[in-house]
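A.B. asks: Give me coordinates for this.
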Amino acid sequence: DGLEATDAGMQALADLLKQEKMENTILSFSDCVKSDFDQDGNMEYLMFANNPRSQNGYPLLGSNGGTDRLGIYCAVLYQDEEGSVQTLYSDMRPYQGEYKPDENNYMELMHPDHCIYIDLMTIADLNDDGIYEILVRKSGWEYGYFLTYALNTEGKYEPVMRSNYGI
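C.D. replies: Model (predicted):
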């Protein structure tokens, strides 16, 4: 609880947003976990990036100064003990409308295309190999899916299972 995203994680998210022409969007991390995922005695980080949400549950579009190049996103980033960041998952959705922020510099987006979120379900050794697998839930408007990631022989996490739910 209370763990902040690493500088490398923040830079990786900024790079993803810039790549999708959303670089004026405020960076926001909803959850960060520090653990020895690969059981090698060194700590790694798992970071979840999501737009903030309104009290009604809709995503809030936020600007760090510009009124263009904005968007809604969700991403999962894994940082190994050497500081290298791997993007496990990302969903980037540029916003094409007029930006009309409230007094807190946010704008609530009440459209199904922008209602996306990703969060951690569990971290566990599911196959009894001594290395943790990561299970996440990707939510959207009336749909979603679970993704399971496992560490491959090159030391990178890769998706190994997906299970859909919803309409």
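
A.B. asks: Quick check: end-to-end length of stretch 138-158?
C.D. replies: For stretch 138-158, the first-to-last residue distance is 16 Å (C-alpha to C-alpha, to the nearest Å).

A.B. asks: Over to stretch 103-110?
C.D. replies: One end of stretch 103-110 sits 18 Å from the other (C-alpha to C-alpha).

A.B. asks: can you pull the buried residues of that stretch?
C.D. replies: Across stretch 103-110, burial judged by 16 or more other C-beta atoms under 10 Å covers 106, 107, 108, 109. C-betas here are computed from N, CA, C, even on glycine.

A.B. asks: Now render the residues you listed as TSV, adding secondary structure, pLDDT and distance to residue 130.
C.D. replies: Formatted as TSV, those follow (DSSP: H, G, I helix; E, B strand; the rest coil; pLDDT from 0 to 100; distance: C-beta to C-beta, whole Å):
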residue	secondary structure	pLDDT	distance to residue 130
106	strand	93	44
107	strand	95	46
108	strand	95	45
109	coil	95	43
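
A.B. asks: Sketch out the low-pLDDT regions of this protein for me.
C.D. replies: Scanning the chain for pLDDT under 70 picks out the ranges 1, 167.

A.B. asks: Can you tell me how far the residue nearest the centre of it is from residue 98?
C.D. replies: Nearest residue to the geometric centre of the chain (C-alpha atoms, centre = their mean): residue 75, 2.3 Å. To residue 98, residue 75 is 25 Å away according to C-beta to C-beta, to the nearest Å.

A.B. asks: ditto for residue 53
C.D. replies: 21 Å.

A.B. asks: same question, residue 30
C.D. replies: Taking C-beta to C-beta, one finds residue 30 at 26 Å from residue 98.

A.B. asks: Which neighbours in the sheet does the helix or strand hosting the residue nearest to the centre of the chain have, and how are they oriented?
C.D. replies: Under the criterion of DSSP states H and E, residue 75 resides in strand 71-79. As defined by DSSP bridges, the strand partners of strand 71-79 come to strand 44-50 (antiparallel), strand 85-94 (antiparallel).

A.B. asks: just how off-centre is the last one within its chain?
C.D. replies: What it means is strand 85-94. 7 Å (C-alpha atoms, centre = their mean, to the nearest Å).

A.B. asks: can you give me the strands in this protein?
C.D. replies: Ranges of strands within the chain are 29-35, 44-50, 60-62, 71-79, 85-94, 106-108, 117-124, 133-140, 143-151, 157-166, based on DSSP state E.
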